[in-house]
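Trainee: Using only what follows, build the 3D model:
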Amino acid sequence: MNDCLFCKIVAGIIPSTKVYEDETVLAFRDIAPMAPTHILVIPKAHIPDAASVTPENSAVVAHIFEVIGEIAKSEGLDEGFRVVSNCGAHAGQTVHHLHFHILGGRQLTLEMA
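Mentor: The predicted structure follows:
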């Protein structure tokens, strides 16, 4: 996906502040954080959104949730954290590459963050 912002981050074309990386997943700090801890976790392979998860690519999503737990521990989010994934324009998805927001570091309200 030549025009995908997150694919460009994966490729190293656009810099990011990496928190975690392995062969299938990349996690980096959000440039416009909505909480003291705001990390994005993405598959390196382009999957447009949660509605595009299939039996063929679902293993990477399971792995992402394992990684989310590791990141939350390493970030000291022992009091709790929120995981959010927007799917589609009406839900507020602005980058059409599957991603999960880890939000924490303060008491979160019932609103987005």
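
Trainee: Tell me the buried residues in stretch 43-59?
Mentor: Pro43, Lys44, Ile47, Pro48, Asp49, Ala50, Val53 (16 or more other CB atoms under 10 Å). For glycine as for every other residue, the C-beta is placed from the backbone atoms N, C-alpha and C.

Trainee: Of the residues you listed, which is the nearest to Gly80?
Mentor: Of all the buried residues of stretch 43-59, Ala50 has the smallest distance to Gly80: 22.1 Å, by CB to CB.

Trainee: isn't that closest one right up against Ala91?
Mentor: No. Under the criterion of CB atoms under 8 Å, Ala50 makes no contact with Ala91, lying 9.3 Å away.

Trainee: The buried residues of stretch 43-59 in strands, which ones?
Mentor: Cross-referencing these against strands under DSSP state E gives Pro43.

Trainee: Of the buried residues of stretch 43-59, which pair is most distant in space?
Mentor: Lys44 and Ala50 (16.8 Å).

Trainee: show me where pLDDT drops low in this protein?
Mentor: For the chain, the stretches with pLDDT under 70 are 1, 111-113.

Trainee: try it again with 80
Mentor: The chain contains residues with pLDDT under 80 at 1-2, 110-113.

Trainee: max-length helix in it?
Mentor: For the chain, the helix with the greatest residue count under DSSP state H is helix 58-74.

Trainee: follow-up on the earlier one: and the buried residues of stretch 43-59, which of them are in helices?
Mentor: Using DSSP H, none of those sit in helices.

Trainee: Of the buried residues of stretch 43-59, which is the nearest to Leu26?
Mentor: Among the buried residues of stretch 43-59, Lys44 lies closest to Leu26 (CB to CB), at 5.8 Å.

Trainee: doesn't Val10 make contact with the closest one?
Mentor: Yes. Distance between Lys44 and Val10: 4.9 Å, which falls inside the contact criterion (CB under 8 Å).

Trainee: quick one: common contacting residues for these two?
Mentor: Contact with both Lys44 and Val10 is made by residues Leu26, according to CB atoms under 8 Å, 6 or more residues apart in numbering.
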